[in-house]
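Trainee: here is my input; please provide its structure:
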Amino acid sequence: MTSLLVFTDLDGTLLDHHTYRFDAAQSALLSLKTFSIPCIINTSKTFSELIPLRKELNHQDPFIVENGSAVYIPKHLALPIDETLEDCGDYWLKSFGPKRARLIQLTDGQQDNYTFKRFSNMTWQELMAITGLSETNAKQAMQREFTEPMVWTDSNLALTAFRNHLDQFDVQIQKGGRFSHLMGKHCDKANAMLWLKEVYAQQNEDVITVALGDGENDVGMLSQADIPVVIRSPVHAPPEIPNRSDAWLSDAYGPEGWAQSINLILNKQGIL
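Mentor: So this is what the prediction gives:
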């Protein structure tokens, strides 16, 4: 039996880039629920940021946090998992790298050698000033578990040297828009997606993965998906997906493009 598994980025994809609303996607989200197709959030956001958002979305499926650092699986799904996971209340937790405390410890002595400022050295007021986030959202964004963002103000040459130093500890630095993120070497949106695919494949042998994203940090996930969908952005050009001439590009932007793409996939699969 063939089953679909949808993996989606949030900001600029399921959520509007400017308003963070998802109204345009609600009917397509309902279609996925109706046909029991899991819609797995795969985002850079933290667990704390996702809990209120999942309530708004009425989201019941697994979700991937902090750019592929960890997967949270709601216990009520009773998915077949053949490894020991961490017990986190209502969820089972699979992490792919060290906890945040270890990342802080590894970089504690490095501020004499390089110029950077980590989240752990900032106040939420400073983060609000840098990002424009509200007080609540800034506090939630700082509640990280597996990554440590930093403002890097040193040279690219110094960043390469720092990366080489951290490599021996299996830690990488992913450069984002505003921040450079310290994280485990194996933390990656694509790795987390493929791990969950294997979990679902124990129930249905033939699992087709759909991935939707709009940014550079979605490229790995998109390149590893069976059906990669690039969602058009109002603020930047679509990312290139290497070696994938079959990648879709939505006509509309953000959640509207997301909904159009989901409906088209459901039609092509003979579901709608």
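Trainee: what about the chain, any weak spots by pLDDT?
Mentor: Low-confidence segments of the chain (pLDDT under 70): 1, 177.
Trainee: change it to 80
Mentor: 1-2, 175-178, 204-205, 272 (pLDDT under 80).
Trainee: how does it divide into domains?
Mentor: Under the assignment automatic domain parsing, the domains of the chain span 2-96+187-268, 100-184.
Trainee: of those, which stretch is the most buried?
Mentor: Between those, domain 2-96+187-268 has the highest mean count of neighbours, a mean of 18, where neighbours are mean count of other CB atoms under 10 Å. To be clear about C-beta, it is placed using only N, CA and C from the backbone, and glycine gets the same treatment.
Trainee: now do the contacts for the nearest residue to G176 once chain neighbours are set aside.
Mentor: Once flanking residues are discounted, G176 sits nearest to N217: 6.8 Å by CB to CB, 6 or more residues apart in numbering. Each residue near N217 by CB atoms under 8 Å, 6 or more residues apart in numbering is listed here: S44, N67, Q174, G176, K189.
Trainee: the same query, at a cut-off of 10 Å, please.
Mentor: 9, 42-44, 67-68, 174-177, 181, 188-189, 239 (CB atoms under 10 Å, 6 or more residues apart in numbering).
Trainee: from these, which land in helices?
Mentor: K189 (DSSP state H).
Trainee: among the contacts of N217, give me the pair with the biggest separation.
Mentor: Greatest spacing in those, by CB to CB: N42 and K175 (18.9 Å).
Trainee: the residue nearest to G176 falls within a helix, correct?
Mentor: Yes. Counting by DSSP: H, G, I helix; E, B strand; the rest coil, N217 is found in a helix.
Trainee: would you mind measuring from it to I227?
Mentor: 19 Å (CB to CB, to the nearest Å).
Trainee: got the contact list for stretch 238-248?
Mentor: Contacts for stretch 238-248 (CB under 10 Å, 6+ apart): 210-233, 249-250, 257, 261, 264-265.
Trainee: out of these, list just those in strands.
Mentor: V210, A211, L212, G213, I227, P228, V229, V230, I231, R232, L249, S250 (DSSP state E).
Trainee: dump these to CSV, plus distance to I51.
Mentor: As requested, these are exported to CSV (distance: CB to CB, whole Å):
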residue, distance to I51
V210, 25
A211, 23
L212, 22
G213, 22
I227, 29
P228, 28
V229, 26
V230, 28
I231, 24
R232, 29
L249, 32
S250, 28
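Trainee: for those residues, which one is nearest Q168?
Mentor: G213 (31.0 Å).
Trainee: now that closest one. Nearest residue, chain neighbours left out?
Mentor: D9 (3.9 Å).
Trainee: residues in contact with that neighbour?
Mentor: 15, 41-45, 189, 211-215, 217-218, 221-222, 231, 258.
Trainee: and the gap between P228 and L14?
Mentor: Counting by CB to CB - P228 and L14 are separated by 16 Å.
Trainee: check V229 too.
Mentor: Distance from V229 to L14, by CB to CB: 12 Å.
Trainee: which residues are in contact with both of these two?
Mentor: By CB under 10 Å, 6+ apart, the residues touching both V229 and L14 are T8, L212, G213, D214, W258, I262.
Trainee: dump these into TSV; add distance to V199 as well.
Mentor: Listed next are these as TSV, based on distance: CB to CB, whole Å:
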residue	distance to V199
T8	17
L212	20
G213	21
D214	26
W258	24
I262	22
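Trainee: and these, which two are furthest apart?
Mentor: D214 and I262 (14.6 Å).
Trainee: straight-line length of stretch 265-272, end to end?
Mentor: 9 Å (CA to CA, to the nearest Å).
Trainee: thanks a lot, see you next time.
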